[in-house]
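Asker: below is the structure, and that's it, no one-letter string:
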């Protein structure tokens, strides 16, 4: 049973518009949720995180929203740029357990 | 050199071969990880080392054997692999008690078993 679910394998967005990437989770016991971005032939790189005690965290064009009652997490990218085209993974950790990742969503930003 | 470095970047091996993947981190982290990324699957945790001791082994077949000689180096020894073991193998490092920044990953080794 997947603890972290990214139900959309892919997403296409026009340049300049908003990209919304979604993640659902089952385990309510976590400390942080994290988003990673992965380009082809590279390892994932850390993008942004959110603590379990917050419902929003913003860093430039990237904002992560946490809805604990719905066990839902989303990453908003606005405005989207062609360089944002990548695979995005959500992950969470709890205590000293290793990160648990979703399957990823491939974002394509079309110029 | 900075970050997490993995070698080789690509590896093709036969089912009877023995090979090793290498990972090196220059970040002063005290935990290192092996993950496997197969197509259309989540990143799967294989092994975790904290302070050079293995703390987790996620039911990985014995044909995969990790080694962590010190906090900067991690190896994955491979022998008698199967074609379904073909995947991207990612190494990562972190500070064991740092939860909000996650891990730093290497670029991975693309393994093909023929």
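Answerer: It's in. Given the structure is predicted, the values throughout are model-derived calculations rather than measurements.
Asker: listing partners with orientation, what would you give for the helix or strand of chain A with the lowest mean pLDDT?
Answerer: Within chain A, confidence by mean pLDDT, DSSP states H and E is lowest for strand A:100-101 among all helices and strands, at a mean of 88. Using DSSP bridges, the strands paired with strand A:100-101 in its sheet are strand A:86-93 (antiparallel).
Asker: show me what counts as buried in the partner strand.
Answerer: For strand A:86-93, burial by neighbour count (16 or more other CB atoms under 10 Å in any protein chain shown) applies to A:86, A:87, A:88, A:89, A:90, A:91, A:92, A:93. Using the backbone N, CA and C atoms, a C-beta is placed for each residue, glycine as well.
Asker: now, which of these sits nearest residue A:64?
Answerer: Closest approach to residue A:64 among the buried residues of strand A:86-93 (CB to CB): residue A:90, at 8.9 Å.
Asker: does the residue nearest to the closest one when sequence neighbours are not counted sit in a helix, a strand or a coil?
Answerer: Among residues not flanking residue A:90 along the chain, residue A:23 sits closest, at 3.6 Å (CB to CB, 6 or more residues apart in numbering or on different chains). The three-state assignment at residue A:23 reads strand, by DSSP: H, G, I helix; E, B strand; the rest coil.
Asker: OK, contacts around residue A:23?
Answerer: Taking CB atoms under 8 Å, 6 or more residues apart in numbering or on different chains as the criterion, residue A:23 is in contact with A:4, A:5, A:6, A:33, A:72, A:73, A:74, A:75, A:90, A:102.
Asker: and the furthest pair within those residues?
Answerer: A:5 and A:75 (14.4 Å).
Asker: which one's more surrounded, these two?
Answerer: Legend: neighbour count by other CB atoms under 10 Å in any protein chain shown for residue A:5 and residue A:75, higher for residue A:75 (23 against 17).
Asker: in this structure that one contacts residue A:88, no?
Answerer: Yes. Between residue A:75 and residue A:88 there is a contact under CB atoms under 8 Å: 6.5 Å.
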